[in-house]
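> here are the coordinates; sequence isn't available:
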Ligand code: SF4
Ligand code: SF4
């Protein structure tokens, strides 16, 4: 049987750009990032994007500020800061 991977990408839904719900936002410290993509795997909103240089970037239009990425990052490269 053929296996298919399903990957979701952030897009505008019925709730609009959900980033406006956020109280804290994740900020990535590039020097600490080892490009492991764990944050990308765990983000429940699919708002972490892989850039061409393999670093990650957050789409703040849809990030709800849940903090899962900061919690899972093995090098603590992500910090949640007040908006
Ligand atoms: S989990 Fe942390 S180290 Fe890994 S890609 Fe994300 S920000 Fe970088
Ligand atoms: S704070 Fe939550 S929604 Fe925002 S990028 Fe991190 S895991 Fe995704």
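Good, I have the coordinates. Because the structure is a prediction, the values reported are computed rather than measured. Residues are numbered from 1 along each chain as shown. Ligands and ions are numbered 1, 2, ... in the order given.

> Nearest residue to the residue sitting nearest the centre point of the chain in space, please, no chain neighbours.
Nearest to the geometric centre of the chain sits residue 48, at 3.0 Å (Cα atoms, centre = their mean). Distances taken as Cβ to Cβ, 6 or more residues apart in numbering put residue 40 closest to residue 48, at 4.5 Å, once the chain neighbours are dropped. Glycine gets a C-beta too; all of them are placed from N, C-alpha and C.

> dump the residue contacts of the residue nearest to the centre of the chain.
39, 40, 56, 57, 58, 59, 69 (Cβ atoms under 8 Å, 6 or more residues apart in numbering).

> Ok, residue 57 next?
By Cβ under 8 Å, 6+ apart, the contact list for residue 57 reads 28, 48, 49, 50, 51.

> tally of neighbours for residue 42?
By the other Cβ atoms under 10 Å criterion, the neighbourhood of residue 42 contains 14 residues.

> Show the contacting residues for it.
Shown in contact with residue 42 (Cβ under 8 Å, 6+ apart): 68, 69, 72.

> Around ligand 2, pick out the residues from this protein.
By Cβ under 6 Å from any ligand atom, the residues of the chain that approach ligand 2 are 26, 43, 45, 47-48, 58, 63-69.
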